[in-house]
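Asks: Mind looking at a prediction? Sequence and model below.
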Amino acid sequence: MRYYVLHNPKSNNGRGSADIDLLSIFYEDITYRNVCEIPDIPAFMAPMTADDAVILCGGDGTLNRFVNAMNGKRPACRLYYYATGSGNDFLRDVGGNEDGSPICIDRYLEDLPTVTVDGQRHLFLNGIGYGIDGYCCEVGDRLRERGEKTINYTAIAIKGLLFHYKPTAATVTVDGKEYRYERVWLAPTMKGRYYGGGMMPAPQQDRLAGDKRVTLTVIHSGGKLRILTMFPSLFKGEHLRYRHLVSSHTGHRITVRVDRPTPLQIDGETVKDVREYTVEG
């Protein structure tokens with residue numbers, strides 16, 4: 001078996017390739033490539049056979065860019081994942097261990113949902129977020145551009161809740177049924193349970209469910225102090241008990257429209273000034 005390690009040195013705030021030499025413990029015949037320097041991922045993958053294996057090394061954003069480059073097509077070779085990102089929500093959701101060996105992810109790349117924004121269609125693995133999570137990614141990008149090495153998204157979220165982020169009104173359509181919410185702080189639609197470095201907005205979501213449903217969680221109506229008090233429960237998936245603040249929907253087609261442009265994130269990658277998104281499971 002020949003192994004090709006595609007690593008992203010930009011992941012984990014520029015430390016994404018620090019531990020890839022440890023892979024030599026598990027495998028012998030290894031070829032290393034910087035995935036950011038491969039201009040055509042499908043062309044690179046095309047010659048692969050069942051005698052080859054590719055190990056993707058990076059975070060959730062690296063996985064997202066790979067599956068979108070492949071347009072959801074599975075390669076002929078085996079595909080493994082070795083997490084070297086900062087959030088690693090995909091690994092957390094599938095029960096992997098950040099200190100363990102690479103895991104085979106072939107089955108997780110089938111039937112991925114899509115999100116359409118401004119006429120552009122994207123596949124996603126974990127979830128897409130609308131609201132303060134998109135705001136956090138936008139602020140994190142600015143800090144990274146200024147040379148910050150460590151980005152604390154939890155601190156950004158708390159400061160945003162208290163001082164900077166302004167909630168929006170939203171109209172939500174789930175499989176043809178419409179709902180209206182005021183003061184929306186978060187409106188993520190999830191394929192997996194986790195996003196944002198350990199938050200669990202959709203604790204009952206199963207990424208391998210045969211019905212291909214996705215879950216929309218809307219956090220709404222409350223003032224900033226009530227939302228801040230509820231916020232820690234997101235990391236344990238216990239926020240659903242706040243029924244006056246949290247609404248959950250499952251479906252195959254979900255559209256969210258807000259009343260002013262708002263940042264959106266797709267598996268941690270920022271899209272600025274979005275008014276509407278549509279997810280199809």
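Replies: Alright, I've got the coordinates. Residues are numbered from 1 along each chain as shown.

Asks: What secondary structure category should be reported for I254?
Replies: Judged by DSSP: H, G, I helix; E, B strand; the rest coil, the three-state class of I254 is strand.

Asks: Might one say that it is in contact with V214?
Replies: Yes. Contact criterion Cβ atoms under 8 Å: I254 and V214 qualify, at 6.5 Å. C-beta coordinates here come from the backbone N, C-alpha and C atoms, glycine included.

Asks: who has more neighbours, the two?
Replies: Neighbours around I254 and V214, counted as other Cβ atoms under 10 Å, are more numerous at V214. The numbers are 28 against 25.

Asks: which non-adjacent residue is nearest that one?
Replies: G281 (4.4 Å; Cβ to Cβ, 6 or more residues apart in numbering).

Asks: How about the contacts made by the one you found?
Replies: Contact partners of G281, counting by Cβ atoms under 8 Å, 6 or more residues apart in numbering, are P113, K191, K212, R213, V214, G251, H252, R253.

Asks: Looking at the residues you listed, which two lie furthest apart in space?
Replies: Pairwise distances across those peak at 14.0 Å for K191 and R253 (criterion: Cβ to Cβ).

Asks: Of those two, give the one with the bigger neighbour count.
Replies: Counted by other Cβ under 10 Å, K191 and R253 do not tie: K191 has more neighbours, with 30 against 14.

Asks: contacting residues around the more buried one?
Replies: L112, P113, F124, L125, N126, G127, Q205, R207, V214, G281.

Asks: Hmm, T116 and the third one touching each other?
Replies: No. Between F124 and T116 there is no contact under Cβ under 8 Å: 11.2 Å.

Asks: Looking at these two, which has the bigger crowd around it?
Replies: Neighbour count, other Cβ under 10 Å: between F124 and T116, F124 has more, with 27 against 14.

Asks: what sits against that one?
Replies: Contacts of F124 (Cβ under 8 Å, 6+ apart): N64, L112, P113, T114, V115, K191, I266, D267.

Asks: again, only this time at 7 Å
Replies: N64, L112, P113, V115, K191, I266, D267 (Cβ atoms under 7 Å, 6 or more residues apart in numbering).

Asks: how about the helices of the stretch 51-200 of the chain, start to end?
Replies: 60-69, 89-93, 132-145, 153-159 (DSSP state H, counting those that start in this stretch).

Asks: Contacts made by the second one with the rest, please.
Replies: With contact meaning Cβ under 7 Å, 6+ apart, helix 89-93 is reached by 60, 63, 83, 98, 125-126, 192-195, 197-198, 207.
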